[in-house]
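K.L.:
When you get a sec, could you give me coordinates for this:
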Amino acid sequence: MFFQTFDILKYMPFIIAGVLLASGVIILKVALVITKAESKTDMKWVAGSFFIQTGVTLFITLPMQLDMILAFMSGSYSNYDGPPPLVIAMVVIFSTFIVVNLINTIHKPGIIRSLVITLMILGPIIGSSYIIFSNIGSVL
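P.N.:
A predicted model of the protein is given here:
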């Protein structure tokens, strides 16, 4: 029992999500350099900014994620169709608006450049949160 190894395949989605988040920090840094952001472009601020944006995005999408987790815990996950597409569209638009304003406030690249940066980093944020919350039942 002491030397028994754990099943790495069970935790592989979470490792992939961590790699996605790390690549998101790098993408944000590259995007800030490309768009010539004016302030707070060293790696400490970039990483902090990225994880603030990730946290805000997860907070906005939390009701949908909790609904998915509750459907899994109640055993009706096979019948679960997910939230309605209109709700998903509204959440994505609202989340994009908030992240654009966060980037514009923290790094001051301008609103159009902030939109370009946001479109570049929303992929890793959405991808990692989808991987984490769709595979959380395999660990439980």
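
K.L.:
buried set for the longest helix along the chain?
P.N.:
If you go by DSSP state H, the chain has its longest helix at helix 8-34. Judged by neighbour count using 16 or more other CB atoms under 10 Å, the buried positions of helix 8-34 are 13-14, 17, 20-21, 24-25, 27-29, 31-32. The way it works is simple: take the backbone N, C-alpha and C, and place the C-beta from them, glycine included.

K.L.:
just checking, next helix/strand downstream of that helix?
P.N.:
Going down the chain from helix 8-34, the next helix or strand is helix 43-60, by DSSP states H and E.

K.L.:
Now do that following helix: which elements does it pack against?
P.N.:
In terms of contacts (3 or more CB pairs under 8 Å, 6 or more residues apart in numbering; DSSP states H and E), helix 43-60 is packed against helix 8-34, helix 85-107, helix 111-134.

K.L.:
Against residue 7, how distant is the residue positioned nearest the centre of the chain?
P.N.:
Nearest residue to the geometric centre of the chain (CA atoms, centre = their mean): residue 125, 2.3 Å. For residue 125, the distance to residue 7 (CB to CB, to the nearest Å) stands at 28 Å.

K.L.:
any weak-confidence spans in this structure?
P.N.:
Along the chain, segments meeting pLDDT under 70 span 1-3, 77, 137-140.

K.L.:
Residue 69: helix or strand, and which one exactly?
P.N.:
helix 62-74.

K.L.:
Using PDB, list the CA coordinates for that helix.
P.N.:
Output in PDB follows, covering the C-alpha atoms of helix 62-74 (Å, rounded to 0.1, in the frame of the first residue of the first chain):
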ATOM      1  CA  LEU A  62     -19.800  29.900 -11.700                       C
ATOM      2  CA  PRO A  63     -23.600  29.400 -11.900                       C
ATOM      3  CA  MET A  64     -23.300  27.400 -15.100                       C
ATOM      4  CA  GLN A  65     -20.400  25.300 -13.600                       C
ATOM      5  CA  LEU A  66     -22.300  24.600 -10.400                       C
ATOM      6  CA  ASP A  67     -25.300  23.500 -12.400                       C
ATOM      7  CA  MET A  68     -23.100  21.000 -14.200                       C
ATOM      8  CA  ILE A  69     -21.500  19.700 -11.000                       C
ATOM      9  CA  LEU A  70     -24.900  19.400  -9.300                       C
ATOM     10  CA  ALA A  71     -26.200  17.500 -12.400                       C
ATOM     11  CA  PHE A  72     -23.300  15.100 -12.000                       C
ATOM     12  CA  MET A  73     -23.700  14.700  -8.300                       C
ATOM     13  CA  SER A  74     -27.500  14.000  -8.600                       C
END
